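# okay, here's the prediction I keep looking at, along with the sequence it came from:
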Amino acid sequence: MRRARVAAFRPACGVFSVLVLAAVPAAAHAQTATAPAEGANASPEIRFQADRVSYASDAETVTATGNVVLRREEQTVRADVVTWNRKSGLIEASGNIRFVDDAGNVLYTDKVELTDALKAGAVEDLLLVLRQGGRLAARSGTRDGNGDMILRDAAFSGCAVEGEDGCAKRPSWEVTAARVTYDAKDQRVRYKGALLRVFGLPILPLPGLAHTSDFRAESGLLIPDFRFSAANGAQISDTYYWRLASNKDLALTGSVFTGALPMISARYRQLTDKGAFQSTAYLTRSARINVGGGNVTDVNAQEQVFRGYVESNGRFQFGEHWSLTGYGRYASDRTFLRRYDISRDDRLRSTINLERLDANSYFSLAGWAVQTLRSGDRQGLVPIALPALEYRRRIVPPRIGGTLELQVNTLALTRSSGQDTQRAFAKAQWDLRTITRMGQEITLTGLVRGDVYHSRQNDLTSNLLYRGQSGWQGRGIATAALDIKWPLVGAALGGTHVFTPRVQIVAIPNIRNLAIPNEDSRSVELEDSNLFSLNRFPGYDRIEDGVRVTYGADWKLTRPGWRVSSTIGQSYRLSTQKTVLPDGTGLSSRASDIVGRTDLRFRDIVQFTHRYRLDKDGLKLRRNEFDATIGNHRTYAEIGYLRLNRNIPATFEDLRDREELRVSGRIAFARNWSVFGSGVSNLTRKAEDPSKTSDGFQMLRHRLGFAYADDCLDLALTWRRDYITTGDATRGNTIQFNIAFKGLGVR
């Protein structure tokens, strides 16, 4: 019995070639005939062609041999020999049969009985290739007039049974069963006595298994998920997928642990005529350790509480220009997501944003909220931004040319235990870009802006540079800038070189910076990305005033397969007044540090990026960062390194020094197999860490595993180890097994 199944799924190379030849239209000398239709309501006629046709008048039997093709509407039958009994209407086909029904399914067999409507009856040793993918093989079966089939000693797989060379291959997975029923109208396959086999090995019995043959989603249980973690022990999760309608569904998941109480989760998705949205929720009860800020008296105290997490996102389009986007996340406590391996984010951001966008204007009315998951942080010091309004419009002024951009912005920040700030400003910026006869690109910029701020409880902000003055404050800003680029193009070393020296002059009168609260301009540092910005501070609350000149150059080499580009530059402040830029940012002295970036690409094999900042005095590396990738999508190695040696005061929590190493890679072998791994290490020295917890080398986490992937099966076994304990999210090992089968609707 088992040999028959394997034979059905593994046609010989020679048989496959015959089937291909049988599909070729008959030669010009082939005879053709038509089965006549009798009566006004007769069914559509059958047309056939063959190399030879013989007729026995006494038995009213027609026999066609050699490349026989029968056609009736959308159905076709190809065979070596076809015998048609005109009196009984029975058609018998034999030899390399390829039967295509009106649904597009293809049946391969050696002998089949058909009615005069080309409906199959009994079939033996068959292979049914479904139109939407998937194959059913059986030792025997029957097909009724509706196209429904009952197969015995059968097997189903979503895998191809021929390789790229056209020869047979064993499917990586199959479901075998004593009886399989195929419903042609509903396109469903039902099993009795089903057993899942992977690489020929029996893995899991599947009682009551049923699925669609066209791979459309439908309600039912999915394949379980298995995992082991140090915090929760062994875990098994299974999901019931509920297809509510063609545009919405619900997935309910139950998880059972050996080291914790069970957890339930749900995900709901819906598509509307305006857009789409989805929501996910988790709920369980377990022991929690409080690692939050504020008055935590005993960080080791555990309390048994209900815990969970909700997340929703969606986008809706109202006409051509208007849209609404929302994203919300909330966790019951700071360690829930890490303990149950849902996410490793240390902040959860929620936002809603109403936007209007056209060719020359942009409008946004938004709100923001952030939940901190960092140990020791106080949630009351994290602001809620509501409302956040932004409007920009671009126009072309008559006569003077160039582009004029008008901007209006307002923002309100509210804290439950900290400083509150409201801001509003209006800005106009004019840019005029011209190209001289010698090829220089010259850009003139003029900017004016007026700000109004109001803040209260400023004394709750500990850093004086961030606090500002309480009450109402105002300021005016004016900026004039001249930017000159001169691209020089030439050929050398088998490629094209573009060398572009650049000079920029920016003049801004003295600004009342310290009177204004600093909410969005704290993480400032000189980089290649902001070297030629009008304001090197991020955000709007701080302005780099004075007069400065910035100079640098870009270089690019392009040749077949290669692309190399590099940027380097520095700025010098002509003004002598004291700056609000803190030491260690590369901008506090009159002469800035030197920053640069180099990118190298070789085809799709090598990608390398290096960013750096050199101290202006001794050329000491203050920032050294590189990311490198070697290989292709199957076999590759990645390495990332970051070293920040700013020598900056510890009071600036947004600008701390650190050193980090990241590595990952994958090696593919044996066509479909691969091994992979990754790791992250903290290399920060104790002298550079204000918390004094770093020792120069601290492994944070690593991951190792192997995977298999082909056209119908994905499986992976992963081992991950965490080296940091945060509350009840304990360090230790996590082992996870994932498997996905095409056509069975599983993970």
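Received, thanks.
# for this protein, what spans make up the helices?
2-9, 13-22, 336-339, 464-467 (DSSP state H).
# which helices and strands does the last one pack with?
With contacts defined as 3 or more Cβ pairs under 8 Å, 6 or more residues apart in numbering; DSSP states H and E, helix 464-467 has no packing partner among the helices and strands. Any C-beta I mention is one placed from the backbone N, CA and C, and that applies to glycine too.
# pLDDT of it, averaged?
Across helix 464-467, pLDDT averages out at 89.
# starting at the chain centroid, how far to that helix?
Here helix 464-467 is found 40 Å from its chain centre; the criterion is Cα atoms, centre = their mean, to the nearest Å.
# now do the buried residues in that helix.
The neighbour-count check on helix 464-467 (16 or more other Cβ atoms under 10 Å) flags 465-467 as buried.
# lowest-confidence stretch among the helices of the chain?
Among those, helix 13-22 has the lowest mean pLDDT, at a mean of 30.
# if I look at Trp173, how far off is Phe741?
Per Cβ to Cβ, to the nearest Å, Trp173 is found 6 Å from Phe741.
# which residues do the two both contact?
Listed as contacting both Trp173 and Phe741 by Cβ atoms under 8 Å, 6 or more residues apart in numbering are 158, 712-713.
# among the residues you listed, who's most crowded?
Gly158 (23 neighbours; other Cβ atoms under 10 Å).
# show me what contacts the closest residue to Asn510 other than its chain neighbours?
Closest residue in space to Asn510, ignoring its immediate chain neighbours: Asp545 at 5.4 Å, by Cβ to Cβ, 6 or more residues apart in numbering. Contacts were defined as Cβ under 8 Å, 6+ apart; by that measure Asp545 touches 508-511, 513, 575, 577.
# measure the residue lying closest to Gly292 once chain neighbours are set aside to Ile264 for me?
Leaving aside its chain neighbours, Gly292 sits nearest to Arg334 (5.7 Å; criterion: Cβ to Cβ, 6+ apart). According to Cβ to Cβ, Arg334 stands 21 Å off from Ile264.
# more neighbours, the two?
Neighbours per residue (other Cβ under 10 Å) separate Arg334 from Ile264, with Arg334 holding more: 26 against 13.
# do I have it right that the more buried one meets Gln379?
No. Shown here, Arg334 and Gln379 do not form a contact pair, counting by Cβ atoms under 8 Å, at 9.3 Å.
# intersection of neighbour lists for these two?
292, 372.
# who's the nearest residue to Arg339 once chain neighbours are set aside bridged to?
In space, and not counting its chain neighbours, Arg339 is closest to Ala729: 4.3 Å by Cβ to Cβ, 6+ apart. Beta bridges link Ala729 to Thr726, judged by DSSP bridges.
# quick check: pLDDT value at Ala729.
Note for Ala729: predicted pLDDT of 83.
# my guess is it contacts Asp341, does it?
No. Contact criterion Cβ under 8 Å: Ala729 and Asp341 do not qualify, at 9.1 Å.
# neighbour count winner among the two?
Ala729 (23 against 17).
# tell me the contacts of the more buried one?
231, 335, 338-339, 722.
# as CSV, the residues you listed with distance to His211 and neighbour count would be great.
What follows is these, written out as CSV (distance: Cβ to Cβ, whole Å; neighbours: other Cβ atoms under 10 Å):
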residue, distance to His211, neighbour count
Ala231, 35, 22
Thr335, 39, 24
Arg338, 36, 23
Arg339, 34, 24
Asp722, 37, 23
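# reformat those as JSON lines; add distance to Gly254.
As requested, the contacts of Ala729 are exported to JSON lines (distance: Cβ to Cβ, whole Å):
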{"residue": "Ala231", "distance to Gly254": "18"}
{"residue": "Thr335", "distance to Gly254": "22"}
{"residue": "Arg338", "distance to Gly254": "21"}
{"residue": "Arg339", "distance to Gly254": "18"}
{"residue": "Asp722", "distance to Gly254": "25"}
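# which one of these is nearest to Phe257?
Ranked by distance to Phe257 (Cβ to Cβ), the contacts of Ala729 are led by Ala231 at 9.0 Å.
# for that closest one, give its distance to Glu113.
To Glu113, Ala231 is 62 Å away according to Cβ to Cβ.
# please apply the same query to Arg269.
As judged by Cβ to Cβ, Arg269 and Glu113 stand 47 Å apart.
# give the contact list for Leu381.
Leu381 neighbours (Cβ under 8 Å, 6+ apart): 415, 417-418.
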